[in-house]
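Asks: Provided below for reference: sequence and predicted model.
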Amino acid sequence: MGLLPTTGDDLDLVRFQIATQPGYTHNLDIDQQRVRGTTDERDAVLQAVYLILNVERYAYPIYSRNYGSELADLIGKPKDYAMSEMKRRITEALLQDDRITSLSDWEFEPGRKSVRASFVVHTIYGDVEASKEVDI
């Protein structure tokens, strides 16, 4: 007799338990360009938001094709188009992280050659405010 279940009836005897693992990551000091220990939960998500928004998707082979945002090609586009695309692309990029549940409260500040988007990121650890300025 084997050790693995072979029928659906055998699977009823097997109990699976899913445990959430801590999401420890390096705590990056962006201003000083160095690592300061580790962080987790809300601070780790805030750091992930920063990194996702500042890594251009497909530009660096070290990152998966699902990591980063696609904002560089908005240069030269009309502001109305850029604002709607920023919202869509930022939302798509950040929702790749399963700790982020949604984004809301979008505000756009058009500048002479840029657009700044501010928004609230809803995470499993609470809400965080974020923003991204894109040259257009």
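Replies: Perfect, thanks for sending it. Numbers count the residues shown, from 1 in each chain.

Asks: ranges for the helices of the protein?
Replies: Here the chain has its helices, by DSSP state H, at 8-11, 41-54, 79-94.

Asks: closest to Ala130 out of the ones you listed?
Replies: Closest approach to Ala130 among the helices of the chain (C-beta to C-beta): helix 41-54, 5.1 Å. In this view, the C-beta of every residue, glycine as well, is placed from N, C-alpha and C.

Asks: Find the nearest non-adjacent residue to Pro110, please.
Replies: With sequence-adjacent residues excluded and distances taken as C-beta to C-beta, 6 or more residues apart in numbering, Pro110 is closest to Lys79, at 5.1 Å.

Asks: residues in contact with the one you found?
Replies: Taking C-beta atoms under 8 Å, 6 or more residues apart in numbering, we find Lys79 in contact with 110, 115, 136.

Asks: For Leu71, see how far away the spatially most central residue of the chain is.
Replies: By C-alpha atoms, centre = their mean, the mean C-alpha position of the chain lies nearest to Leu94, the distance being 3.2 Å. Distance check for Leu94 against Leu71: by C-beta to C-beta, to the nearest Å, it reads 12 Å.

Asks: what touches both of these two?
Replies: Both Leu94 and Leu71 are in contact with Leu53, where contact means C-beta under 8 Å, 6+ apart.
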